[in-house]
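Engineer: Okay, here's the prediction I keep looking at, along with the sequence it came from:
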Amino acid sequence: MVKDVPWMCIVLMRNPKSVQKPEDHFMTLKEIAEYLHVKERSIYWWAQEESVPASKLGSIWRFRKFEIKAWIEAHKTSRSKREDKH
């Protein structure tokens, strides 16, 4: 094995498909709250109630951006959907 090469570079050299797309990586509760412009407590409550797509890794909630985007689209109001068409 090559010395002084970060382990992630070695993994990528072996399997370039292992790189996650930005949409596919897990985001923290704080990142999702900032993305949605809501309080962290609201996101935490929605995750506990299973209202928002989330995964709990140990005691920490994680969210995938593409799932959050799909969730937003599925929960748009009629007015929001009409506004998007214009």
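Structural biologist: Great, that's in hand.

Engineer: Could you point out the longest strand of this structure?
Structural biologist: Criterion DSSP state E: the longest strand present in the chain is strand 60-64.

Engineer: which parts of it are buried?
Structural biologist: Of the residues in strand 60-64, 61, 62, 63, 64 count as buried by neighbour count, 16 or more other C-beta atoms under 10 Å. Where C-beta positions appear, they are placed from N, C-alpha and C, glycine not excepted.

Engineer: Extract the residue ranges of the protein that are flagged as low pLDDT.
Structural biologist: Counting by pLDDT under 70, the chain has low-confidence residues at 1-24, 78-86.

Engineer: and residue 41, how many neighbours?
Structural biologist: Residue 41 has 10 neighbouring residues, counting by other C-beta atoms under 10 Å.

Engineer: for it, helix, strand, or coil?
Structural biologist: helix (DSSP: H, G, I helix; E, B strand; the rest coil).

Engineer: Return the member of the buried residues of strand 60-64 nearest to residue 31.
Structural biologist: Nearest to residue 31 among the buried residues of strand 60-64 is residue 63, at 7.7 Å by C-beta to C-beta.

Engineer: wait, doesn't the closest one sit right on residue 30?
Structural biologist: No. Using C-beta atoms under 8 Å, residue 63 and residue 30 do not qualify as a contacting pair, with a distance of 10.4 Å.

Engineer: What residues are bridge-paired with residue 63?
Structural biologist: Residue 63 has these beta-bridge partners by DSSP bridges: residue 27.
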